[in-house]
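> turn this into a structure:
(chains A, B and C)
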Amino acid sequence: MLGTFIQQTVNALTIGSIYALIALGYTMVYGVLRMINFAHGEMFMLGAYAAFLVLTVFVGDIGAVGAFGLTLAFFGAVIAVGFFGVGIERLAYKPLRNSTRLAPMLSSLGVSLTLVTGVQILAGPQPVAFPSFFPTTRYDLMGGTVTSVQIGILVAAFVLMFALYTLVNRSRMGIIVRAVSESRPTAQLLGINVNLAISAVFFSGPLLGAAGGILYASYYGIMSPTMGAVIGLKAFTAAILGGIGSIPGAMLGAYILAFVEVGGTALLPLITNGVLGTEYRDVLSFAILILVLLVKPAGILGEPVSEESMVYKREF
Amino acid sequence: MTLVFKNLRKQYGANVAINDVSTDFAPGLIYGVIGPNGAGKSTLINMTAGSYTVSDGSISLDGHRLDGMKKHQIANSGIARTYQNIRLFDQMTVLENLEVCAYPAEVYNTWREVLWPPYGRERAAARRESAMEILRFFGLEGYGDAEAGSLPYGRQRMLEIARALAMKPRVLLLDEPAAGLNHHETAELTAKLAELRSPERIMLVVEHDMDLVMTLCDRIVVMHHGKLLFQGTPAEVQASSDVQLAYLGTDNDIDDIRAAAQDRRAQLGIRARRRS
Amino acid sequence: MSVAGISSSAKPQASRLVAILVLAAIVALVAATPFLPNYHIRVVNSLLIYILLGIGLNIVIGYTGLLDLGFVAFYAVGAYTYALLASPQLDLHLPFLLIVGIAAVLGMITGILLGIPVLKLRGDYLAIVTLGFGEIIRIVINNVDWLTGGPKGIARLDKASILGVEIARPVEIYWLLLVTVFLVGLFVWRLERSILGKAWAAIREDQDAARGIGINTTNAKLAAFATSATIGAIAGTIFAASQRFVSPESFTLQESVLIVLMIVIGGIGNILGIVAGAAILILLPELLREFAEWRILFLGILMVVLIIVRPAGIVPRTFGPEKLIRGLFGK
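Down below sits the predicted model:
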């Protein structure tokens, strides 16, 4: 029993770390642009495909890739996706910055559609086996099994999140980004380079998302062009749960969601006597999303938005 | 029929925007609400119209409590307002902006309107005619089919008042109706507003333009730091030393400001020396 | 807004010419379709179903200004209602018109049940919640095997028949759809011009100011949601009756996005725009059949480009049916 518990806890931490990496992208974009980026889940997918591409094309035989090749593939892929994210922002969202609030969201839906189909055309619609980025070893932890892949994911995610946290709170660029997300017009008036801040966000968000994608693909050993959709929605749920716009909130929300999901999936068949099986895991996440939005739309760490301060001007 | 504020209070965190305001407004009169920036004039209007919640105290019309009602319910109890920043339905035509005000009265006949064309035509014609009547009053009849958002600024201000009037309100709240208008337009507006004075209607005008307030209003309410400082006829207000104090400050105030400036200069000087 | 050459600034003769051309094209297509080969009629039928869906969703998106990304759920409700009540699955074989009525009511109920909690949300949150709701419905359908047949779906649905006249061949379905599109289109068009339609527009323009003039925005939005859901469900029953097979495949998120896209491309808030949008999105892929997988890629890019270049869509909001009629008969 304790074994199972520890096992599930580690599973939840692993999947929570991946959600957190993606949720950060949603929350940062929302912070500076007040926009839900529907194409963000695709950055996650692109990360996995880009890493695979680097491995097969530039490093060669996957079976014999050394630690150097893997590191190269990881960083090459995430940085490439980061730049790609900046490019997409310039092309598809920037022209809409002064448009209605829903226009960039619709545009991001189009981007998402384009990217998924693009990858389907280039790499085929079928799922592809993905090489593990960590040598697989199993450890026994008080009755539960922990793999080296899980440990690697936890470490990588923690390092990345810590780096982001430090950047946002300590660096000059971080201050700029926070200023812009506090109030774009004011930041602009103060002579802050708003475009730079937005680019920074659209670089780091996709970068972290791509890292999440690589870790996810090496965890499950598989990737597919549509893998971003459901995960993206869950990470978005996590961002909302923690309070969209808040960086610590996104991390917190991701782990809470992961624990609820892992726990719920384990308990659902027991509670409902087998009527609702594990296939309802996704329903559970959506239900949480809807519940949070209805009960506490500001999330756990988000600033409450009172109706008084909200201006309902046409959204499209 | 009266509109009554009783111990009204509005608080944001520690910041008190309206502090214990009690007064009442009688129909047939136009009330001007004046006071320096941040005195809480707009907050009063926003609370009456239900845009802001009331922290404490009550607002009632004819003995019916308005605070705590939903915004649309307040509107349907006969309270109409305009906004400091014009808020028209931009992509609807000028006529439609007024016609839509018939919604609360007519929505329950929507089915009949949709399924029985003669009835639909009749209602549409009736709505159009009553909207046109108001437009003519404001000299906007030529704009009927134009999009509201395409009108010149001054006409938009007029249209917003016209829309409020289309609700056949018992209380008309105007939040800086002359803001951004030129001299000529302000004069035109003052004349129109004077014509709107009616024994069945309470009018409340928040305004910075003193000429407009003094010529138009029958009673003036002076707000200062969230409190009701003075209430009376224009002549009384002009004669009041309290009001002059609020607007101009005392001699002591001037000294205070001077001292503060000196202090600040000294600080800056110290900082400048440290740098060099 | 001065959009396109066919807006108010155009001379009466010119707008009359455009009106006549548009109308002539529609009449010619409508009249010619029954003489086409079956395959082509099927394409037209699917076009008509999408027009129906577009008309329904447009009430929420175009008139009321709420982004609903889960519209396909109501479509699924209608389709599965027909599949369950007119197939060997439950061994029920109710008459077609009765099922349409049941589906419409079910659709409306689903719309209201979903609407009550979510309509208080802000626009972007509403989009994500409706998207989640659409996915939930699809996952549930996929997993309640005993009822819906799961991923395999339900096959061998009854042929529809109205008053003893069988409606199963593509041509027959075509007439059914044509009549439905006409009636629903007329209904919605009149609804848009009614006082409720004007309130929807007010909510779209400025929700807070709409409340300020006494509109109970929650109720008005609920009415929009319910009407839209009802139309979606009706479209679903006809779809099921024409395919005589339903499976969760037809009710994916992509389908919802496609309908939104149709409205955005055609011109938000305008029935004629929906026809144009549907024609582009359904007929173009048919023409590009050889490049099957490229067409969705193309659609995605088109969506981005159009939103940037022409946010109001191809057909301007002002060029509605009224304009067409006015153009035809002078004044």
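
> which stretches of the stretch 151-300 of chain C form helices?
Secondary structure of the stretch 151-300 of chain C (DSSP state H, counting those that start in this stretch): helices located at C:170-193, C:195-205, C:207-212, C:217-243, C:253-266, C:271-278, C:284-287, C:292-309.

> ok, now the stretch 151-300 of chain A?
Under DSSP H, counting those that start in this stretch, the stretch 151-300 of chain A gives helices at A:172-182, A:184-189, A:194-220, A:227-242, A:247-271, A:281-295.

> could these go into CSV alongside mean pLDDT and mean neighbour count?
Every residue, glycine included, has its C-beta placed from N, CA and C. Listed next are the helices of the stretch 151-300 of chain A as CSV, based on pLDDT from 0 to 100; neighbours: other C-beta atoms under 10 Å in any protein chain shown:
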stretch, mean pLDDT, mean neighbour count
helix A:172-182, 86, 17
helix A:184-189, 84, 14
helix A:194-220, 92, 25
helix A:227-242, 87, 27
helix A:247-271, 85, 20
helix A:281-295, 80, 19
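
> so which of these is nearest B:A131?
Smallest distance to B:A131 across the helices of the stretch 151-300 of chain A (C-beta to C-beta): 36.2 Å, for helix A:184-189.

> only alpha carbons, please: show the closest one as PDB.
Only the C-alpha atoms of helix A:184-189 are listed here, as PDB (Å, rounded to 0.1, in the frame of the first residue of the first chain):
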ATOM      1  CA  ARG A 184       1.200  47.600 -20.900                       C
ATOM      2  CA  PRO A 185       0.100  51.300 -21.600                       C
ATOM      3  CA  THR A 186       2.000  52.500 -18.500                       C
ATOM      4  CA  ALA A 187       5.100  50.600 -19.400                       C
ATOM      5  CA  GLN A 188       4.900  52.000 -22.900                       C
ATOM      6  CA  LEU A 189       4.600  55.500 -21.500                       C
END
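
> how about the helices of the stretch 151-300 of chain A, which one is nearest C:R310?
Closest to C:R310 of the helices of the stretch 151-300 of chain A, according to C-beta to C-beta: helix A:194-220, at 24.1 Å.

> sorry, back to before: format the helices of the stretch 151-300 of chain C as JSON lines; extra columns: mean neighbour count and mean pLDDT.
Converted to JSON lines, those look like this (neighbours: other C-beta atoms under 10 Å in any protein chain shown; pLDDT from 0 to 100):
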{"stretch": "helix C:170-193", "mean neighbour count": "18", "mean pLDDT": "93"}
{"stretch": "helix C:195-205", "mean neighbour count": "27", "mean pLDDT": "93"}
{"stretch": "helix C:207-212", "mean neighbour count": "24", "mean pLDDT": "91"}
{"stretch": "helix C:217-243", "mean neighbour count": "25", "mean pLDDT": "95"}
{"stretch": "helix C:253-266", "mean neighbour count": "24", "mean pLDDT": "84"}
{"stretch": "helix C:271-278", "mean neighbour count": "25", "mean pLDDT": "86"}
{"stretch": "helix C:284-287", "mean neighbour count": "13", "mean pLDDT": "76"}
{"stretch": "helix C:292-309", "mean neighbour count": "18", "mean pLDDT": "81"}
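
> want to throw these into a markdown table with distance to A:L167?
Below are the helices of the stretch 151-300 of chain C laid out as a markdown table (distance: least, C-beta to C-beta, whole Å):
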| stretch | distance to A:L167 |
| --- | --- |
| helix C:170-193 | 51 |
| helix C:195-205 | 40 |
| helix C:207-212 | 38 |
| helix C:217-243 | 42 |
| helix C:253-266 | 34 |
| helix C:271-278 | 44 |
| helix C:284-287 | 45 |
| helix C:292-309 | 30 |
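
> so, low pLDDT: which residues of the stretch 151-276 of chain B?
The model of the stretch 151-276 of chain B has pLDDT under 70 over residues B:247-258, B:261, B:264-276.

> how about the residues of it by chain C?
By the rule C-beta under 8 Å from any C-beta of the partner chain, the part of the stretch 151-276 of chain B lying against chain C is B:R163, B:A164, B:A166, B:M167.

> next step: these restricted to helices.
B:R163, B:A164, B:A166 (DSSP state H).

> got the residues you listed as a markdown table, with neighbour count columns?
Listed next are those as a markdown table, based on neighbours: other C-beta atoms under 10 Å in any protein chain shown:
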| residue | neighbour count |
| --- | --- |
| B:R163 | 27 |
| B:A164 | 26 |
| B:A166 | 22 |
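
> of those residues, which is the nearest to chain C?
B:R163 (6.8 Å; C-beta to the nearest C-beta).

> roughly how far apart are the closest one and chain A?
Counting by C-beta to the nearest C-beta, to the nearest Å, the gap from B:R163 to chain A is 16 Å.

> wait, isn't that residue in contact with B:E99?
No - under the criterion of C-beta atoms under 8 Å, B:R163 is not in contact with B:E99, lying 9.9 Å apart.

> how much space separates the residue sitting nearest the centre point of chain C from C:L119?
In chain C, the C-alpha nearest the mean C-alpha coordinate belongs to C:L53, at 1.4 Å (C-alpha atoms, centre = their mean). Counting by C-beta to C-beta, to the nearest Å, the separation of C:L53 from C:L119 is 21 Å.
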